[in-house]
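Visitor: Mind looking at a prediction? Sequence and model below.
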Amino acid sequence: MNTSFNWLREYVPGLDVSAREFADAMTLAGTKVETWTRLDKNLEKIVTGKILRIEAHPDAEKLVVCQVDTGNGDPVQIVTGAKNMKEGDVVPVVLDGGRVAGGHDGGPMPEEGIPIKAGKLRGVLSNGMLCSIEELGSSREYYPEAPEEGIYIFPEGTAVGQDAVDLLGLRDTVFEYEITSNRVDCYSVLGIAREAAAAFGKEFHAPKEKESGNGEDVHDYLSAEVLDEDLCPRFTARVVKNIRFAPSPKWMQLRLASAGIRPINNLVDITNYVMLEYGQPMHAYDYDLVRGHKIIVKRAQDGEIFETLDQQERKLDHTVLTICDAEGAIGIAGIMGGQNSKITDNVKTMVFEAACFDGANVRISAKKIGDRTDASSYFEKGLDPNLAERAVNRACELVEELSAGEVVGGIVDVYPRKREASVVKCTVSEINGLLGTELSGEEMKEILERVELSTELRDGELTVTAPTFRQDMHRMCDVAEEVARFYGYDKIPSTLPSGYAAGGLAPDLLVNERARHLAEALGYSQAYMYSFESPKACDRLLLPGDAPERRQVRISNPLGEDFSVMRTLSMNGMLTALSTNYNRRNKEARLYEIANIYIPGELPLKELPDERMQLTLGFFGEGDFFTLKGDVETILRKLGLKGRFHYDGKGCGRSFLHPGRRADILYDGKVLGYLGEIHPEVAEEYSIGTRAYAAVLDMPVIYPLANDAVKYEPLGRFPAVSRDFSMLVPVNVTSGEIEDILVQRSGRLLEDVRLFDIYEGAQILTGFKSMAYTVVLRSKDHTLTDDEINSTVRKILNGLEGLGITLRS
Amino acid sequence: MENARLEELRKRLEDSLGSAANMEALNEIRVKFLGKKGEITRLLKSMKDISAKERPRFGQMVNDLRAMAEAALEKQQKELEKKLREARIQSEAIDVSLPARRMEYGHSHPNTRAMEEVERIFIGMGYEVVEGPEIEYEENNFEKLNIPKGHPARDEQDTFYISGNILLRTQTSSVQARVMEEGKLPIRMICPGRVFRSDAVDATHSPSFHQIEGLVVDRHVTFSDLKGTLDAFAKELFGPETKTKLRPHHFPFTEPSAEVDVSCFKCGGKGCRFCKGEGWIEILGCGMVHPHVLEMCGIDPSEYSGFAFGVGLERIAILKYEIDDMRLLYENDVRFLNQF
């Protein structure tokens, strides 16, 4: 939404502030000024001048020497290359020491403009410059009368020595606003002017439409009927005959230009002007093409094809509202007219339509049709039905003012249920209670009436009547907001809520936080991945066709195939990140991620999926499987899992991990996650040219096990005994199996088990390996006797024998 | 005669001590004079051959000699030890500027760093940190926030839909309804989390980003409480000189609503390139919980009021750490991550 400052001042004459003051105050009152542009930026010392004489340049074929009367005594001599002017023309002249906004080619304008100084051109003194519209910072788009190339020429009879910038309407500033969706009334110059008047405490001169029309009755020309009232609360139309096309006057063109709308002709400009001024789009039909001179507003039929005035065939359905004549559609309500009733240069009589359509319906229809027009962007916000009549009358008033045609008297108006003003009752103390202020009822009343909310105050109770253009006034809080924004958010005190509460992280979040800090302490840096990925990630991870991870939550309107499914594994993200680092030649990367995967129940989704937080570790560079295993155990132990972990290599079916170097992590019979070396084929697929490792911990399994409660254990006062077992072990027996025996058989006496040597090779019997463990035993309450020690060692040996293990001598 | 013998012994002892250059030599001297068969020991043993009359005087002299020998040996040993230590220390000098052997600590992602800062501030003010689901019912993301079907706000947030009434949440405000419907009052919570909007990836957009929602519901909560809370938050986050400015705005689920600017922490509000010359930087949206939102969650707005706010985490991270391209946040290049 853009408005010209001059246009606003027409409705708020007292608005005597700088652009900066205006922008700040409007923003603080809720009409946010995004930016503003001074149209006269860098335009200095530019006056109207009459060309008295044009003579050839003695030394340059392409230049001419002009004597220009700028109303200041002697003529000014100016050398120019322009060709389009003749003696007697009045043109904009920038004098010596002045400044223009841009070059004559209309290219990007330098921030500081272009200074103009007297100087010689091919030996002839030039004391200034004649200006094109581009040099004045504008374009032919907004000054259609300007020549395609050359100097701008004012209408005949323009006085010399005037401020040319002012004359062109460029002594103005254009503000651009961000209007919130609840304030559709502010998508208009009038709405902004009303807010500006309130913000500055100035008078708002609301326009009153003048009566227009001849002695005829429009109902003799046209009838209208609305079949779908829910989608069209009001339909109004007026008829104009004896159309006379002409360019609109300069003042109107300039105002359209200030809003970025190109002037076309008087009638088109009038509808655009009223749209800007009132915020009500209108549409014009060729009366003679409206069959039966009857308009019917109704839903389209499913599959109906309709050609809009941009010559596109649109497929409609019963949710789309159409404007029809006696025989069929002539327009899509609130979006675009039809080719069949379009205004052409031959039009004699036309119908001006101003209606109110259901906002949501227009928005959905515009989306469906695939064309969001200027008009639909207004309608979809939900207009005030009482605006339609005013707007069409305003348009007709302008038709008469501009002599663009003869307005037929009367208005066709279908308005079955009149929208009434809404009334909100609340108390002064409720408002102060919500805002934390201590305003009096009188102060509130004064503020509210500034924005046309008429207010009765009785015994501390406010009765606020909101005009229909304010569709956002329903409850006390809405009134409170009006009070707050014109009282000033900045004047409301700053306090803190009373009462105390114990803050902190929810228990699971606390575990996540501890896990994060542990991963970092172990040298892993945190990565962030997307939650959605390509379904092809499953193939890249070598998941079998029937893998449960292939059952994924699918986004129905994804940004593309690569972002179309919610991940069921965190591995693709981790491998992608490792790959990025590897391919950017980072020597090593140690990353972790803590984020969700999404495991659906029934598909398509009826209930929310299971969102499972995953702690994923991954690295390449220094370290191997056992480094990773150590890191995982350190994290888990510090999270409070103090017991023994088991590693199930055979049971781990993770296809993306090396089949001989992967394991599920078990604890207390539960699978906590998995770890391993990345499968060489997968590493290649992700272009990771070195061994990489990854582990995933399924946090929901860990939350109930994580426990940082500590209970002190008395220090052992009695001596420990350690025994070494040097074993000959069949190669297929795992360290885990041996440890299980050592732990179980040592029972309560066990303090520690440690592998201190492992060897496979020449001196060892084929099919065997040599392993040596130390077992440390200690009792809490006495010094161990030889008998106890020997009996434990015997039990251990029996157990080892069961695994086919013998002691080495 | 005994005197002369003792004198000669003392002299020999002193001579050998004088030439003892190391511990071994010193030990030899100790053995030679004070050992079981050492000369002084032998003298003591020969006491029985001395007449009873002479014995006390001679004994005294030998004991003196022994004490002198022990003291001298002790002294000599200390000196030698000192010398040796000094020699060792000298020989052990290292180039302290050689590289450290250090264990590389990992780094938090800038998002997390910002999140922890925000969390710390609000935990200090008594807020509980909770989370809610990222895949949500449409109802919690929209209807219960006063955004019914057909509301224009639904278009402003380009939503990823899953199926039927399930979508990827577009805002952490979706957690508001969940917390309020639990029915435990008063509420003082923040909810950090991942949200999704259908924006293509570029330097300032990401289809997935993070927000922190704040919600307070209690008796007598006022707009001025909201102002004071956010002011305290901004001062903690950006420094004690920071000023806050609330601008009226519109959100369907709060009324009155505001957007909040903080004075530019680079230029202090004078206007610089960082704040695009404005002196202010927008950081969050907020407002008083709309009474209809309270009602939909079973809370009586005539008894309770509340405020809510939403902060974009990436926005805070980008501002605080001066990150110039949002894509860096999701590339996970360790050269980037290791700076945090």
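Guide: Okay, I see it.
Visitor: Would you mind listing what in the stretch 1-150 of chain A touches chain B?
Guide: For the stretch 1-150 of chain A, the contact set with chain B under C-beta under 8 Å from any C-beta of the partner chain comprises A:27, A:28, A:29, A:30, A:32. In this view, the C-beta of every residue, glycine as well, is placed from N, C-alpha and C.
Visitor: Please flag which of those residues sit within helices.
Guide: Of the residues of the stretch 1-150 of chain A next to chain B, the ones assigned to helices by DSSP state H are A:27, A:28.
Visitor: which of the residues of the stretch 1-150 of chain A next to chain B lies closest to residue B:146?
Guide: Distances from residue B:146 to those, taken as C-beta to C-beta, are shortest for residue A:30 (18.4 Å).
Visitor: Find me the pLDDT at the closest one, would you?
Guide: Residue A:30 is assigned a pLDDT of 93 by the prediction.
Visitor: Next one: it from residue A:454, what distance?
Guide: 20 Å (C-beta to C-beta, to the nearest Å).
Visitor: before we move on, the earlier item: whichever of the residues of the stretch 1-150 of chain A next to chain B end up buried, select them in PyMOL.
Guide: Buried subset of the residues of the stretch 1-150 of chain A next to chain B, written as a PyMOL selection, criterion 16 or more other C-beta atoms under 10 Å in any protein chain shown:
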select buried, chain A and resi 27+28+29+30+32
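Visitor: Tabulate the residues of the stretch 1-150 of chain A next to chain B (JSON lines), appending distance to residue B:182.
Guide: Listed next are the residues of the stretch 1-150 of chain A next to chain B as JSON lines, based on distance: C-beta to C-beta, whole Å:
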{"residue": "A:27", "distance to residue B:182": "38"}
{"residue": "A:28", "distance to residue B:182": "37"}
{"residue": "A:29", "distance to residue B:182": "38"}
{"residue": "A:30", "distance to residue B:182": "34"}
{"residue": "A:32", "distance to residue B:182": "36"}
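Visitor: Span of stretch A:562-576 from start to end?
Guide: 13 Å (C-alpha to C-alpha, to the nearest Å).
Visitor: Identify the residues contacting residue 174.
Guide: Just so you know, I chose chain A. By C-beta atoms under 8 Å, 6 or more residues apart in numbering or on different chains, residue A:174 lies in contact with A:2, A:3, A:4, A:5, A:36, A:37, A:39, A:258, A:259.
Visitor: should've been chain B
Guide: Residue B:174 neighbours (C-beta under 8 Å, 6+ apart): B:132, B:136, B:140, B:141, B:145.
Visitor: if we go to 10 Å?
Guide: Shown in contact with residue B:174 (C-beta atoms under 10 Å, 6 or more residues apart in numbering or on different chains): B:132-134, B:136-142, B:144-145, B:167, B:191, B:193, B:195, B:213.
Visitor: near chain A, from these?
Guide: Counting by C-beta under 10 Å from any C-beta of the partner chain, B:132, B:133, B:134, B:136, B:137, B:140, B:167, B:191, B:193 from those sit close to chain A.
Visitor: Need the max-distance pair from those residues.
Guide: B:167 and B:191 (17.5 Å).
Visitor: can I see the domain layout of chain B?
Guide: Annotated domains of chain B cover B:2-91, B:110-337 [automatic domain parsing].
Visitor: which residue packs closest to residue A:17, ignoring adjacent ones?
Guide: Using C-beta to C-beta, 6 or more residues apart in numbering or on different chains and skipping the chain neighbours, the partner closest in space to residue A:17 is residue A:200 (6.8 Å).
Visitor: For the one you found, what are phi and psi?
Guide: phi -100, psi 0 (degrees, to the nearest 10).
Visitor: can you check residue A:292 too?
Guide: Dihedral angles phi and psi of residue A:292 (degrees, to the nearest 10) take the values phi 70, psi 0.
Visitor: quick one: contacts for it?
Guide: A:222, A:223, A:324, A:325, A:326, A:327.
Visitor: and with 8 Å instead?
Guide: Residue A:292 makes contacts with A:325, A:326, A:327, as judged by C-beta under 8 Å, 6+ apart.
Visitor: Same question for residue A:792.
Guide: Residue A:792 neighbours (C-beta under 8 Å, 6+ apart): A:745, A:746, A:747, A:749, A:777.
Visitor: neighbouring contacts of the helix or strand harbouring the first one?
Guide: Secondary-structure assignment from DSSP states H and E places residue A:745 in helix A:735-746. Helix A:735-746 has contacts (C-beta under 8 Å, 6+ apart) with A:644, A:646-647, A:725, A:727, A:729, A:750, A:753, A:755, A:758, A:771, A:773, A:775, A:777, A:792, A:795-796, A:798-800, A:802-803, A:805.
Visitor: Only whichever of those are buried, select them in ChimeraX.
Guide: This is how ChimeraX selects the buried members of those, with burial counted by 16+ other C-beta under 10 Å:
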select /A:646,647,725,727,729,750,753,771,773,775,777,792,796,799,800,803,805
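Visitor: Which ones among the contacts of helix A:735-746 map onto strands?
Guide: Those of the contacts of helix A:735-746 mapping onto strands are A:646-647, A:725, A:727, A:729, A:750, A:753, A:755, A:758, A:771, A:773, A:775, A:777, per DSSP state E.
Visitor: Pick the one among those residues closest to residue B:40.
Guide: residue A:777 (53.0 Å).
Visitor: nearest residue to the closest one other than its sequence neighbours?
Guide: Looking at residue A:777 with C-beta to C-beta, 6+ apart, the closest residue is residue A:749, at 4.3 Å.
Visitor: and that neighbour, how many neighbours does it have?
Guide: Neighbour count of residue A:749, defined by other C-beta atoms under 10 Å in any protein chain shown: 18.
Visitor: Repeat that for residue A:311.
Guide: The burial count for residue A:311: 8, using other C-beta under 10 Å.
Visitor: residue contacts, the nearest residue to it once chain neighbours are set aside?
Guide: Take residue A:311 and drop its neighbours on the chain: the residue closest to it by C-beta to C-beta, 6+ apart is residue A:339, 5.9 Å away. Residue A:339 makes contacts with A:307, A:308, A:309, A:311, as judged by C-beta under 8 Å, 6+ apart.
Visitor: Now restrict the residues you listed to buried residues only.
Guide: Judged by 16+ other C-beta under 10 Å, buried ones among those: residue A:308.
Visitor: buried residues in the longest strand along chain A?
Guide: Using DSSP E to define each element, chain A has its longest strand at strand A:44-56. Neighbour counts over strand A:44-56 (16+ other C-beta under 10 Å) mark A:44, A:45, A:46, A:47, A:48, A:49, A:50, A:51, A:54 as buried.
Visitor: is it true that the fifth one touches residue A:92?
Guide: The reference is to residue A:48. Yes: between residue A:48 and residue A:92 there is a contact under C-beta atoms under 8 Å: 6.6 Å.
Visitor: any common contacting residues for these two?
Guide: A:154, A:164.
Visitor: from the chain's centre, how far out does the helix or strand harbouring residue A:254 sit?
Guide: Here residue A:254, judged by DSSP H and E, is contained in helix A:250-258. The chain centre lies 32 Å from the centre of helix A:250-258; the measure is C-alpha atoms, centre = their mean, to the nearest Å.
Visitor: so what secondary structure elements neighbour the very next helix or strand once past that helix?
Guide: Reading on from helix A:250-258 to the C-terminus, the next helix or strand found by DSSP H and E is helix A:266-278. Judged by 3 or more C-beta pairs under 8 Å, 6 or more residues apart in numbering or on different chains; DSSP states H and E, helix A:266-278 is in contact with helix A:189-200, helix A:250-258, strand A:283-286, helix A:374-379, helix A:385-401.
Visitor: could you dump helix A:266-278 to PDB, C-alpha only?
Guide: What follows is helix A:266-278 as a C-alpha-only set of coordinates in PDB (Å, rounded to 0.1, in the frame of the first residue of the first chain):
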ATOM      1  CA  ASN A 266     -10.200   8.900 -18.000                       C
ATOM      2  CA  LEU A 267     -12.600   6.000 -17.300                       C
ATOM      3  CA  VAL A 268      -9.900   3.400 -16.400                       C
ATOM      4  CA  ASP A 269      -8.200   6.000 -14.300                       C
ATOM      5  CA  ILE A 270     -11.400   6.800 -12.400                       C
ATOM      6  CA  THR A 271     -11.900   3.200 -11.400                       C
ATOM      7  CA  ASN A 272      -8.300   2.900 -10.300                       C
ATOM      8  CA  TYR A 273      -8.500   6.300  -8.500                       C
ATOM      9  CA  VAL A 274     -11.500   5.200  -6.500                       C
ATOM     10  CA  MET A 275      -9.900   1.900  -5.700                       C
ATOM     11  CA  LEU A 276      -6.900   3.700  -4.200                       C
ATOM     12  CA  GLU A 277      -9.000   6.400  -2.500                       C
ATOM     13  CA  TYR A 278     -11.800   4.200  -1.000                       C
END
